[in-house]
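In: Give me coordinates for this.
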Amino acid sequence: MKDIIYAFVAHLINAFRFFLPGIVGKTLTALGIGLYVYNVAYPPLRAWVQSQASGLPALAFAYFGAIGLDVVATMWLSVYVVRIASKSYFGSLLESH
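Out: Residues are numbered from 1 along each chain as shown. Below you'll find the predicted structure:
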């Protein structure tokens, strides 16, 4: 029984050695892309959306804020921009190999 447990633990450690660097690398890359997009690409997009929505009455903005639609819209825009940036980044990595 001890041999089975030792073999299982050995396989588990080998799996971690094999898969963990890829997972950590992808995670750090995704965090870097997300940070870059949030600080560089997202603010102009948010300003453009706000300028397009400037025709709405003030009461509509108050309702959007009260029910949390402003946070939802911010999250959607952020995810959309990160998705485009990550597709272009990972696509360029795949094409270069």
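In: alpha carbons only for contacts and neighbour counts from here, please
Out: OK.
In: Do you have the helices of the protein handy? List them.
Out: With DSSP state H as the criterion, the chain has helices at 2-36, 42-52, 58-67, 69-96.
In: which helices and strands does the shortest one pack with?
Out: Counting by 3 or more C-alpha pairs under 8 Å, 6 or more residues apart in numbering; DSSP states H and E, no packing neighbours are recorded for helix 58-67 among the helices and strands.
In: Run through this protein and note the low-pLDDT ranges.
Out: By pLDDT under 70, the low-scoring segments of the chain are 90-97.
In: Show me what counts as buried in stretch 15-32.
Out: residue 30 (16 or more other C-alpha atoms under 10 Å).
In: My error: substitute stretch 4-16 in the last question.
Out: Buried-residue list, stretch 4-16, by 16+ other C-alpha under 10 Å: empty.
In: Distance from it to the middle of the chain?
Out: Taking the mean of its C-alpha atoms, stretch 4-16 sits 32 Å from the chain's own mean (C-alpha atoms, centre = their mean, to the nearest Å).
In: same deal with stretch 16-33?
Out: Distance, centroid of stretch 16-33 to centroid of chain: 14 Å (C-alpha atoms, centre = their mean).
In: and what of stretch 30-37?
Out: 7 Å.
In: Now do that stretch: everything it contacts.
Out: 78, 81, 82, 85, 86 (C-alpha atoms under 8 Å, 6 or more residues apart in numbering).
In: will you turn those into JSON lines that also has distance to residue 20?
Out: Below are the contacts of stretch 30-37 laid out as JSON lines (distance: C-alpha to C-alpha, whole Å):
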{"residue": "78", "distance to residue 20": "27"}
{"residue": "81", "distance to residue 20": "27"}
{"residue": "82", "distance to residue 20": "23"}
{"residue": "85", "distance to residue 20": "24"}
{"residue": "86", "distance to residue 20": "20"}
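In: Closest one to residue 6 out of those, please.
Out: Of all the contacts of stretch 30-37, residue 6 sits closest to residue 86, with 40.2 Å by C-alpha to C-alpha.
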